[in-house]
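Sequence first, predicted model second:
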Amino acid sequence: MLSLKTCSFCGGSVNLGEGTLLVRNDGSINWYCSSKCRKSSVFLKRDPRRFKWTTITRQAREKRKEKKKEKKKATRRDG
């Protein structure tokens, strides 16, 4: 069965026939959607949580916004 892969750095989708596969000496497999993601992860050893364009950061921002809204609603009800 053919399936889409997710990028190991940004979390984006990697279509079939596209992207780069990296197999490390310990047997772990990493898929990268672009050379930008591959270079950031392998050569520059960057943390994907620090970049706004990664889905990991976007999801974290949405959670923070939801928590702020919940806090505002709680304080309005109490006051």
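In hand now; what should we look at? Numbers count the residues shown, from 1 in each chain.

all strands of this structure, in order?
Using DSSP state E, the strands of the chain run over residues 5-6, 13-14, 20-23, 29-32.

Arrange these in CSV, one row each, with mean neighbour count, distance to residue 57 and mean pLDDT as further columns.
In short, each C-beta sits where N, CA and C put it, glycine included. Listed next are these as CSV, based on neighbours: other CB atoms under 10 Å; distance: least, CB to CB, whole Å; pLDDT from 0 to 100:
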stretch, mean neighbour count, distance to residue 57, mean pLDDT
strand 5-6, 16, 15, 92
strand 13-14, 16, 17, 91
strand 20-23, 12, 22, 95
strand 29-32, 18, 17, 95
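
among these, which is nearest residue 73?
strand 5-6 (33.7 Å; CB to CB).

Relative to that closest one, what are the paired strands and their orientations?
According to DSSP bridges, strand 5-6 has the following sheet partners: strand 13-14 (antiparallel).

ok, back up a step: of all the strands of the chain, which lies closest to residue 49?
Among the strands of the chain, the nearest to residue 49 by CB to CB is strand 5-6 (15.9 Å).

Worst mean pLDDT across the helices and strands of the chain, which element?
Every helix and strand of the chain was ranked by mean pLDDT, DSSP states H and E. The lowest is helix 55-78, at a mean of 80.

helices and strands around that one, which ones?
Counting contacts by 3 or more CB pairs under 8 Å, 6 or more residues apart in numbering; DSSP states H and E, helix 55-78 is packed against no other helix or strand.

Turn the strands of the chain into JSON lines, columns for distance to residue 74.
Shown next, in JSON lines, are the strands of the chain (distance: least, CB to CB, whole Å):
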{"stretch": "strand 5-6", "distance to residue 74": "35"}
{"stretch": "strand 13-14", "distance to residue 74": "37"}
{"stretch": "strand 20-23", "distance to residue 74": "46"}
{"stretch": "strand 29-32", "distance to residue 74": "41"}
